[in-house]
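1. coords below, sequence missing:
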């Protein structure tokens, strides 16, 4: 492995830095996008039970819910505008949802950039190696054909390394995008269920006042 790195020359240094950055982003996103961290199990049902009891919700409870997780933040935003109509709640959910998506997609643009830049940087390293090799031929002649073939092989090391960096980065970029999209669908479902419970609670409260 060390011989391959040496064979690629100095363009291998930024490629290795990209590889380290991609690995760090992948590990961090795996940790941050765990399902129990984004959508804690039972949280939506617990909030619906709070609302269903018909008791006033303390601001401290709403703020505590907001701090638990992205799902908690979305449901807390919906509770902030309870009683103002379903359309207002829907708009608030959409606004907060956009911020949550932006937060969950943190570093994914960088991962996509690494996936795009890896092959280009690898190709650049190969071109540099080929230029150096042909300049050597210009100065000293072709010499041994085996040595020439070995020089070409070494120059192609950068291209191979760029692909090795880019392919996993692209695969995980797509994977995390899909995971976030799945989370958003589940969070929207939880928000709709809470809207139904809030509407029912509002109707029950109005009925009690008339009675």
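-> Cool, the structure landed. Predicted model only: the values in this text are computed from it and were never measured.
2. residue 93 versus residue 47, what's the distance?
-> Distance from residue 47 to residue 93, counting by Cβ to Cβ, to the nearest Å: 13 Å. Yep, even glycine has a C-beta here, placed from its N, CA and C like the rest.
3. same deal with residue 171?
-> For residue 171, the distance to residue 93 (Cβ to Cβ) stands at 32 Å.
4. looking at these two, which is more packed in?
-> residue 93 (22 against 12; other Cβ atoms under 10 Å).
5. chain neighbours aside, what residue packs nearest to the more buried one?
-> residue 191 (4.9 Å; Cβ to Cβ, 6 or more residues apart in numbering).
6. residues near the one you found, how many?
-> Residue 191 is flanked by 22 other residues according to other Cβ under 10 Å.
7. quick one: average pLDDT of whichever helix or strand it is part of?
-> Using DSSP states H and E, residue 191 maps to helix 157-210. Average pLDDT, helix 157-210: 85.
8. one more: stretch 65-80?
-> 91.
9. for stretch 123-133, same thing?
-> Across stretch 123-133, pLDDT averages out at 80.
10. quick one, phi psi at residue 33?
-> Dihedral pair for residue 33: phi -100, psi 20, per degrees, to the nearest 10.
11. and the gap between the closest residue in space to it that isn't next to it in sequence and residue 35?
-> Spatially, and ignoring its direct neighbours in sequence, residue 33 is nearest to residue 179 (5.8 Å; Cβ to Cβ, 6+ apart). With distances taken as Cβ to Cβ, residue 179 is found 9 Å from residue 35.
12. show me which of these two is the more surrounded one.
-> residue 179 (17 against 12).
13. distance of that one relative to residue 160?
-> According to Cβ to Cβ, residue 179 and residue 160 sit 29 Å apart.
14. residue contacts, the residue nearest to the spatial centre of the chain?
-> Centroid-nearest residue in the chain: residue 105, 3.8 Å away (criterion: Cα atoms, centre = their mean). Neighbouring residues of residue 105 by Cβ atoms under 8 Å, 6 or more residues apart in numbering: 176, 177, 180.
15. in the protein, which spans are helices?
-> For the chain, the helices defined by DSSP state H cover 2-8, 12-32, 35-38, 43-52, 59-68, 70-80, 86-104, 108-140, 145-155, 157-210.
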